[in-house]
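S.K.: Coordinates for the following, if possible.
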Amino acid sequence: MKSFLLLLLLGLSACASEQVQYTNAEPNVNFRAYKTFNFMDVTARNEAAFQGPGTGVETLKQAIVREMGRRGYQQSDTPDLWVNIGVVTKDKVQTRETTLRDAPLYIGQRNYHWQSQNVVVGHYEEGTATVEIVDAARKDLIWQGAVNSVLTPDASKLTKRIDEAVAALFEKYPVPPAQ
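M.R.: Numbers count the residues shown, from 1 in each chain. Take a look at the predicted model:
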């Protein structure tokens, strides 16, 4: 029963919500002085992997547009701020460690050795998004942050996770949402 509860907790933690990895704001920057933003051109090392629906890049951009809009910024062709995004995905393996209770029973005269092992219980994909805000006039990085979340092939669930992750990341942005 204990091992079942442990597996359940591990499973829930793998499906846990987003985790903000870090944020960093340049000191002495008046973030409220900026009014407009736009995205830098996206160039991927493997562009084919990030083209088309279901990649999450467009969903990520839409979530950023929404969060920037909540803070009073408007998208413009001649922006005050450039938004640069980076996306990295990794395949992860979920394991559990065997215990002495999992050891086979052995009766005999030979020398027997048993040791604990990690047993694979699942595979999942984790994505990390990095958002950098750059002063367009000075070309200086003024804010950056990274957030990661477990990804899913289900498009509606992926959209929800990306939205939640970006919202959590922008909670750390120096300008709070407008009331």
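
S.K.: Secondary structure class of Val120, three-state.
M.R.: Using DSSP: H, G, I helix; E, B strand; the rest coil, the structure places Val120 in strand.

S.K.: Next, count neighbours for it.
M.R.: Neighbours of Val120 under the rule other CB atoms under 10 Å: 9. Backbone N, C-alpha and C define where each C-beta goes, glycine included.

S.K.: All further residue positions should be reported with the first residue as 867.
M.R.: I'll keep to 867 as the first residue from here, and by that count the last item is Val986.

S.K.: and the gap between it and Thr961?
M.R.: Remark: distance between Val986 and Thr961 (CB to CB, to the nearest Å) = 6 Å.

S.K.: State which helix of the protein is the longest.
M.R.: helix 1021-1036 (DSSP state H).

S.K.: name the helices or strands packed onto that one?
M.R.: Counting by 3 or more CB pairs under 8 Å, 6 or more residues apart in numbering; DSSP states H and E, the packing neighbours recorded for helix 1021-1036 are strand 885-891, helix 923-936, strand 984-1001, strand 1006-1017.

S.K.: mind listing what the residue nearest in space to the middle of the chain touches?
M.R.: Closest residue to the average C-alpha location of the chain: Asn1014 at 1.8 Å, with CA atoms, centre = their mean. When contacts are counted by CB atoms under 8 Å, 6 or more residues apart in numbering, Asn1014 touches Glu884, Gln885, Gln887, Glu992, Gly993, Thr994, Ala995, Ala1031.
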